[in-house]
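[1] sequence? don't have it. structure:
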């Protein structure tokens, strides 16, 4: 059983920063590609960022490119999302997800991912 637990969400003013963490149980974390998604009230879940199993490849939504950075520490079974220059439109529940078989053509698609965390709330005030 693979479990993902996000942390690090909270309330921050526009222009501020937060770092989200996602701790993953299981011995095969280093073989999973990982992604971050978010869902705002009344909106569909959307892709934010993804990282390959080795960390050598990263992918970002246009809306966060240059502001957010995804990284991973395979020794700690943890993936991170560093969020800088936050905007009110970044307000959402943020979810991390694990993908057992990475497909570079669909890293942005939620159905690609096999396991999901429970989410952590990020609120950016103006």
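    Received the coordinates, thanks. Just so it is clear, the structure is predicted and the values come from calculations on it, not from any experiment.
[2] so who does residue 69 touch?
    Taking C-beta atoms under 8 Å, 6 or more residues apart in numbering, we find residue 69 in contact with 49, 58, 80, 81, 82, 84. C-betas here are computed from N, CA, C, even on glycine.
[3] out of those residues, which are buried?
    Buried members of the contacts of residue 69, counted by 16 or more other C-beta atoms under 10 Å: 49, 80, 81.
[4] ok, of those residues, which one's closest to residue 95?
    Of all those, residue 95 sits closest to residue 81, with 10.6 Å by C-beta to C-beta.
[5] ok, the closest one touching residue 9?
    No. Counting by C-beta atoms under 8 Å, residue 81 does not reach residue 9; the two are 10.2 Å apart.
[6] what sits in contact with each of those two?
    20, 94.
[7] quick one: name whatever helix or strand follows the strand or helix carrying residue 79.
    If you go by DSSP states H and E, residue 79 is part of strand 78-83. Where DSSP H and E defines the elements, the next helix or strand beyond strand 78-83 is strand 92-99.
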